[in-house]
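The sequence isn't on hand, but the structure is:
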Ligand code: NAP
Ligand code: G4F
């Protein structure tokens, strides 16, 4: 018999798919909220589709959230759904606010209405720190630098207010950038590893990028979803910063990726001003001391290992023989619920489950 029930919003995304796998390994009954799209986009969950239940709904639609919570009757809700791409938040600030800010108010209020005993995880973001000097921790004041970040700040405070005002067990996980072979293809890490594979097979000649000086604290996504669960298993609800405590510039990510395949990035990369942002979070670096101390969480995969894992996966997906170190690292360091083969659920495909 399954021990707990969970509803994951954003289950078709990078984190939602890994979290679903992780919770299945903990014997949870997993429900996922999916929105209607004209083509089915369940590629990241196709390998676990027969083990989970998908429920139709949208963060923009209050009734669908109430119904999803009633239908799944969860012990824990993980709210991972959002419009998560920062350039889109500049082009569609109002839509981003609807999903990424008000969507959270809708989920929280649905929980309050249906069953306030449900535990709630909110996918908060290091982007909320924006221009705040590094390193950033739970006490660092927010200085958001994009419509996305501003929406996440609203969501953060709604989560804190429902915790304090309605005594809901609600936690903010303030996660720094975390990547994987399942990362969306427009985010800079995946754009780079995928481009390298396409250059190697001759499908692409140049890679066009924006600000190479921006600095990020990049970790490996499967490790980060474990912290979401850990937060909801504590005695008291709280907020936690999660990151590696190590920072690198986009340029370093480029250098490492191309040199892994013995190429010089300077021969392939060009700067395209279209990829510069109106304002930028220049320097995001986690101080994860609280997560380490209270959750006992320590990342295992390093920056260079992350690059090798992602590059191997994109090479394999492109039909090339991977260099191989990334695969070996994963087998050696990760094991358990997370395996190489599952990581390869990253392309386009169809699904068996239909939601109405
Ligand atoms: P992602 O891959 O972009 O996934 C986003 C998910 O949200 C997708 O499943 C998407 O569904 C769903 N979604 C978007 N709008 C929706 C709506 N109106 N109603 C229902 N579902 C909707 O994002 P991720 O990288 O997994 O990140 C998960 C969460 O963590 C996001 O909230 C993100 O903002 C936050 N976060 C991410 C990072 C990171 O580095 N990855 C760091 C900090 C915080 P479709 O598949 O239909 O588009
Ligand atoms: O990969 P990115 O698009 O991720 P960004 O903006 O840091 O946001 C991601 O992490 C956040 C956590 O901090 C999440 F909350 C958010 O949902 C998302 O997952 O860009 C990383 C950096 C930026 O400084 C950007 O300006 O890379 C720089 N960059 C340079 N050239 C580029 C490009 N980013 C993209 N996407 N594409 C480029 O061509």
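Arrived safely, thanks for sending. Computed from a prediction, not measured in an experiment: that's the story for all the values here. Ligands and ions are numbered 1, 2, ... in the order given.

what pLDDT does the residue of the chain positioned farthest from its centre get?
Distance from the C-alpha centroid of the chain, by C-alpha atoms, centre = their mean, peaks at residue 267 (31.1 Å). Looking at residue 267, its pLDDT is 98.

what are the ranges of the helices in this protein?
Listed in chain order, the helices of the chain (DSSP state H) span residues 14-25, 62-72, 86-91, 93-96, 103-114, 147-166, 188-200, 221-232, 250-260, 289-290, 303-317, 325-333, 340-343.

So which elements touch the third one?
The criterion is 3 or more C-beta pairs under 8 Å, 6 or more residues apart in numbering; DSSP states H and E, and the helices and strands that helix 86-91 contacts are helix 147-166. Quick note: C-beta positions are derived from backbone N, CA and C, even for glycine.

same deal with the second one?
If contacts are counted by 3+ C-beta pairs under 8 Å, 6+ apart, helix 62-72 sits against strand 4-9, strand 28-34, strand 53-56, helix 103-114.

Tell me which of those lies nearest to residue 157.
Evaluated with C-beta to C-beta, these place helix 103-114 nearest to residue 157, the distance being 9.8 Å.

So for that closest one, what gets flagged as buried?
By 16 or more other C-beta atoms under 10 Å, the buried positions in helix 103-114 come out as 103, 104, 105, 106, 107, 108, 109, 110, 111, 114.

surely the fourth one meets residue 62?
Yes - with contacts counted by C-beta atoms under 8 Å, residue 106 reaches residue 62, the gap being 5.0 Å.

May I see the buried residues of the lowest-mean-pLDDT helix or strand in the chain?
Within the chain, confidence by mean pLDDT, DSSP states H and E is lowest for helix 340-343 among all helices and strands, at a mean of 75. Within helix 340-343, the residues scored as buried using 16+ other C-beta under 10 Å are 340, 342, 343.

can I get those residues in JSON lines with distance to residue 29?
As requested, these are exported to JSON lines (distance: C-beta to C-beta, whole Å):
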{"residue": "340", "distance to residue 29": "26"}
{"residue": "342", "distance to residue 29": "19"}
{"residue": "343", "distance to residue 29": "24"}
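
export those to a markdown table and tack on distance to ligand 1?
Output for those, formatted as a markdown table (distance: C-beta to the nearest ligand atom, whole Å):
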| residue | distance to ligand 1 |
| --- | --- |
| 340 | 20 |
| 342 | 15 |
| 343 | 14 |
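
Between the residues you listed, which sits nearest ligand 2?
Distance to ligand 2, by C-beta to the nearest ligand atom, is smallest for residue 343 among the buried residues of helix 340-343, at 17.9 Å.

That closest one: what's it in contact with?
180, 181, 182, 309, 313, 330 (C-beta atoms under 8 Å, 6 or more residues apart in numbering).

Check residue 257 too.
Neighbouring residues of residue 257 by C-beta under 8 Å, 6+ apart: 192, 193, 196, 265, 307, 310, 311.

and which of those residues is nearest to ligand 1?
residue 310 (13.1 Å).

correct me, but that closest one touches residue 178?
No - at 11.6 Å, residue 310 does not count as touching residue 178 under the criterion of C-beta under 8 Å.

Find the residues that touch each one of these two.
Shared contacts of residue 310 and residue 178 (C-beta under 8 Å, 6+ apart): none.

Stretch 101-115 near ligand 2 at all?
No - Stretch 101-115 stays clear of ligand 2 (C-beta under 6 Å from any ligand atom), getting no nearer than 13.3 Å.
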